[in-house]
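> sequence first, predicted model second:
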Amino acid sequence: MADITRRLGWRHLRGAPTAHIRHHRSGTLVHDGPGLSFWFRPLTAALSEVPVDDRELAMTFHARTSDFQDVAVQATVTYRIADPAVAAARLDFSIDPDTGAWRGTPLEQLGTLLTETAQQHALDVLARTPLSAALADGVAAVRERVAAGLGAEPRLPATGIEVVAVRVMALRPEPEVERALRTPAREQIQQEADRATYERRAVAVERERTIAENELASRIELARREEQLVEQRGTNARREAEEQAAADAVRAQAEAARSVKLAEAEAARSVKLAEAEAARTLKLTEAEAARTLRLAEAEAARAERVARAEAEGAREVGEARAQAQAAWLRVHAEAGIDGTATLQALTATRLAENLPRIDSVTVSPDVLTGLLAKLGGGPSEAAR
């Protein structure tokens, strides 16, 4: 369809390369050709657009064979408009100046013309052909007859139409007839299949027998090889045991030698450790003895010093006591006290010094009275 645009009362048409445009203005042809582009006034312009490309027309129709069987024909006709001027004059290809759409249906008219013409020739050839021949060779016969009939049809060139090719895709009978026609072939095919199945089973049985014989021979050979394998395994096991025993013996000898070496090394180390311990103990003993000797000598010296100091102190204390006693006796002698009483008092003092410790002394009144009486009469008795 042409592309038409509006501009201030004018129209601009742009056609496609496959569309032949014819422009008449006031009865005069102004533009004529494919793929045109021009301005025009809609009130004075008459436009036609004729497609010049190849077009496919599919058709399906029914026909009857010579044995009165109905068949369906599927065909396709390829055509083109070879003379656009003649086609525009014979058919209404005019377009609306505002929208660019066809005012009529020219392509439908062409399709009807081609379909009826092709159907006429196909019916003519199928009406004189039986169904079996039509199904076997009818496609080629119908295609040739339709192509020849369309080529010889005078109305098509008069309308500017050229037929490019004719193709017949299929001739199909009714479903019931088709199933009936398929039955003998299906039975034959089934018989061939059954025969093939029987032959295949026979071959399978023969092959199974061959396979069974091969399996039996294989088992016998396998048993013989298993026997050889068992013998070889026994030989290998004995050889492995011998080699293992030899290896164990070598390993035991090496382990014994290593144990002896380790024992000797351990004994030597123990001897060295014992000697070192003995030497260390001897050194410690000698050091301890020397330390003990030094301590004993120091203790003896200290004891000697202490004894000397005690002896010196005892001597000094004895001298002091002796001097004190001498002084005490001298005082008593100068006081005129009897020497016997003085000795008794001195003896009591020595005795008191050597007696154990006395915490408390109980003096009765009689003893106290006697002592006081003695003390009170002491001076008078002394005067006598």
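Received the coordinates, thanks.

> list of residues touching stretch 163-180?
54, 69-80, 114, 118, 131, 134-135, 138-140, 142-143, 146-147, 150-151, 156, 181 (CB atoms under 8 Å, 6 or more residues apart in numbering). (Each C-beta comes from the backbone N, C-alpha and C, glycine too.)

> repeat the analysis, applying 6 Å as the threshold.
Here stretch 163-180 makes contact (CB atoms under 6 Å, 6 or more residues apart in numbering) with 54, 69-79, 134, 138-139, 142-143, 146-147, 150.

> which ChimeraX command selects the buried ones in those residues?
To isolate the buried members of the contacts of stretch 163-180 in ChimeraX, using 16 or more other CB atoms under 10 Å:
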select :69,71,73,75,77,79,134,138,139,142,143,146,147,150
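
> and the contacts of stretch 163-180, which of them are in strands?
Counting by DSSP state E, the members of the contacts of stretch 163-180 that fall within strands are 70-79.

> okay, these in a markdown table with pLDDT and distance to Thr362 next?
A markdown table is the format used below for these (pLDDT from 0 to 100; distance: CB to CB, whole Å):
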| residue | pLDDT | distance to Thr362 |
| --- | --- | --- |
| Asp70 | 85 | 173 |
| Val71 | 88 | 173 |
| Ala72 | 87 | 168 |
| Val73 | 89 | 172 |
| Gln74 | 88 | 167 |
| Ala75 | 91 | 171 |
| Thr76 | 91 | 168 |
| Val77 | 91 | 173 |
| Thr78 | 92 | 171 |
| Tyr79 | 91 | 175 |
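
> kindly indicate which of those residues lies nearest Tyr198.
Val71 (38.2 Å; CB to CB).

> now stretch 226-245: how far from the chain's centre is it?
47 Å (CA atoms, centre = their mean, to the nearest Å).

> with only the CA atoms kept, save it in CSV.
The C-alpha atoms that make up stretch 226-245 are tabulated as CSV, following Å, rounded to 0.1, in the frame of the first residue of the first chain:
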residue,chain,number,x,y,z
GLU,A,226,41.9,-71.3,36.8
GLU,A,227,43.7,-74.5,37.6
GLN,A,228,46.9,-73.1,36.2
LEU,A,229,46.2,-69.9,38.1
VAL,A,230,45.8,-71.9,41.4
GLU,A,231,49.0,-73.8,40.7
GLN,A,232,50.8,-70.5,39.9
ARG,A,233,49.3,-68.9,43.0
GLY,A,234,50.6,-71.8,45.2
THR,A,235,54.0,-71.5,43.7
ASN,A,236,54.0,-67.8,44.2
ALA,A,237,52.7,-68.2,47.7
ARG,A,238,55.5,-70.7,48.6
ARG,A,239,58.1,-68.4,47.0
GLU,A,240,56.7,-65.4,48.8
ALA,A,241,56.7,-67.3,52.1
GLU,A,242,60.4,-68.4,51.5
GLU,A,243,61.4,-64.9,50.6
GLN,A,244,59.4,-63.6,53.6
ALA,A,245,61.1,-66.1,55.9
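
> what does that stretch contact?
Against stretch 226-245 from outside (CB under 6 Å, 6+ apart): no residues.

> if we use 10 Å, what do you get?
219, 222, 225, 251 (CB atoms under 10 Å, 6 or more residues apart in numbering).

> what's the separation between Ala152 and Val73?
Noted for Ala152: a distance of 20 Å to Val73, by CB to CB, to the nearest Å.

> surely Glu316 forms part of a strand?
No - counting by DSSP: H, G, I helix; E, B strand; the rest coil, Glu316 is not part of a strand but helix.

> hang on, the earlier thing: closest to Ile189 among the ones in strands among the contacts of stretch 163-180?
Closest to Ile189, out of all of the ones in strands among the contacts of stretch 163-180 and judged by CB to CB, is Val71, at 23.4 Å.

> wait, doesn't the closest one sit right on Leu126?
Yes - Val71 lies in contact with Leu126 (CB atoms under 10 Å); the separation is 6.7 Å.

> overlap of the contact sets of the two?
62-65, 134, 138, 142, 171.

> would you agree Asp98 falls within a strand?
No - per three-state DSSP, Asp98 lies outside any strand segment and is coil.

> pLDDT wise, what is it at?
At Asp98, the pLDDT value in this model is 82.

> for it, give its distance to Ala307.
From Asp98 to Ala307 the distance is 161 Å (CB to CB).

> what of Ile189?
For Ile189 relative to Ala307 (CB to CB), the value is 150 Å.
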